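1. One predicted model, sequence on top.
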Amino acid sequence: MAASIMPIVSKAYCSSSQVVLDVRSRPHVVSGGGFVVTDCSQKVVFRVEGCGTLGKKGELILKDGEGNDLLLIRRKGGIVEALSIHRQWRGYALGYQGSQKLVFSLKEPNSCLVQNNPIRISIEPSQCSKYSSYEIKGYFSERDCSIMGSRGNIIAQVGVEKVMVSKDLYHVVVKPGIDQVFIFGIIAILDYIYDGSTRC
């Protein structure tokens, strides 16, 4: 049975089979930090640039292997966030002539009272997705977590090889039909939250 395609940002990045991609963090001294995503043949599929490159805290850009912008990610700030129990991130698909369309938002616990709650992601209602909400289970800080659909199904899994001791190199398994741009948008935010290479 063929996998159903679930584009959230881009149908072009929904594979009909499972995909395993490697993530390698870039040091801040090289290209301002961020990370690079490669396939099994070491071809660059995505690049994520953090505030070391952009010069703005709480802003990330996901690009394709050619350097074209795919997703702009911003943390919502201000007094409302300071008083809220959640910090909110928003992912915008970048269209022609710089147009931005909100495609997902992620709520990060902002208080010790909700620290053990899972991180939740919601899809904008206008998007054609079978699921409207997702959550992170596990510990991204240990590079050991899953992105789950609303029915409890795993859509992507982050892990490290047992022989590796560095968290700067890990892999992500993306299930068939799942939008890889969306997955790496979420991973870019997790990297920032957990003081990764995207953060200044």
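-> Happy to help now that I have it.
2. so where's this structure uncertain?
-> Counting by pLDDT under 70, the chain shows low-confidence ranges at 1-3, 28-32, 52-55, 78-86, 96-98, 110-116, 125-131, 162-165.
3. so where's the longest helix in it?
-> helix 180-193 (DSSP state H).
4. for it, the distance to its chain's centre please.
-> 1 Å (CA atoms, centre = their mean, to the nearest Å).
5. swap in stretch 94-108?
-> Worked out by CA atoms, centre = their mean, stretch 94-108 lies 13 Å from the chain centre.
6. Name the nearest residue to Lys167, ignoring sequence neighbours.
-> Distances taken as CB to CB, 6 or more residues apart in numbering place Arg143 nearest to Lys167, at 5.2 Å, with adjacent residues excluded. Heads up, the C-betas are built off the backbone N, CA and C, glycines and all.
7. Quick check: the one you found touching Tyr170?
-> Yes - using CB atoms under 8 Å, Arg143 is in contact with Tyr170, at 4.3 Å.
8. so what sits against both of the two?
-> Contact criterion CB atoms under 8 Å, 6 or more residues apart in numbering; residues bridging Arg143 and Tyr170 by contacting each: 158-160.
9. what is the orientation angle of the helix or strand hosting His171 with helix 180-193?
-> Assessed by DSSP states H and E, His171 sits inside strand 169-174. Here the directions of strand 169-174 and helix 180-193 differ by 140 degrees (axes from the mean of the first three to the mean of the last three CA atoms, to 10 degrees).
10. Pull out the buried positions in strand 169-174.
-> 170-174 (16 or more other CB atoms under 10 Å).
11. Return the member of these nearest to Tyr194.
-> Tyr170 (12.2 Å; CB to CB).
12. Contact partners for that closest one?
-> 22-23, 143, 158-160, 164.
13. Now those residues in a markdown table, please, with extra columns for secondary structure and neighbour count.
-> As requested, the contacts of Tyr170 are exported to a markdown table (DSSP: H, G, I helix; E, B strand; the rest coil; neighbours: other CB atoms under 10 Å):
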| residue | secondary structure | neighbour count |
| --- | --- | --- |
| Asp22 | strand | 16 |
| Val23 | strand | 24 |
| Arg143 | coil | 21 |
| Val158 | strand | 23 |
| Gly159 | strand | 17 |
| Val160 | coil | 17 |
| Met164 | coil | 13 |
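14. Let me have these in TSV, extended by distance to Ser4.
-> What follows is the contacts of Tyr170, written out as TSV (distance: CB to CB, whole Å):
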residue	distance to Ser4
Asp22	26
Val23	26
Arg143	28
Val158	23
Gly159	25
Val160	30
Met164	33
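15. Many thanks, I have nothing further to ask.
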